[in-house]
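Asks: Dropping the sequence and predicted coords here.
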Amino acid sequence: MWYFLIKQSSLETKQYQNLQKRASLTEVERFNEPYENWHLFSVEKDKYAAFMDYLDRDGIAYELVPDRPTRAEMLAMMK
């Protein structure tokens with residue numbers, strides 16, 4: 001499984017809906033200001049290349065990790 005982390009503010013509603021359809025699981029990690037909320041898309045290994053291509057074609061910035069990050073790890077990425 002691969003995990004794509006995308007800042008909530010960088011997605012339009014239509015993009016978010018398309019990504020939800022392509023991912024195995026979609027989660028939202030909510031943080032208080034001044035930090036941003038993140039969408040976490042779980043994608044099967046055999047589908048991650050197509051998912052990544054879609055993000056690249058739409059110009060969506062993302063972080064890609066092989067293991068699901070903890071909330072503390074996500075917060076550390078923003079500091």
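Replies: Nice, thanks for sending it over.
Asks: Who are the contact partners of residue 78?
Replies: Going by CB atoms under 8 Å, 6 or more residues apart in numbering, residue 78 touches 31, 35-36. All C-beta atoms are positioned from the backbone trio N, CA, C, and that covers glycine.
Asks: Repeat that for residue 77.
Replies: Residues counted as contacts of residue 77 (CB under 8 Å, 6+ apart) are 5, 63, 69.
Asks: Now residue 20: which helix or strand?
Replies: Per DSSP states H and E, residue 20 falls inside helix 13-22.
Asks: residues of that helix that come out buried?
Replies: The neighbour-count check on helix 13-22 (16 or more other CB atoms under 10 Å) flags 15-16, 19 as buried.
Asks: Repeat that for stretch 59-71.
Replies: Buried-residue list, stretch 59-71, by 16+ other CB under 10 Å: 60, 62, 69.
Asks: got the end-to-end distance for that stretch?
Replies: 26 Å (CA to CA, to the nearest Å).
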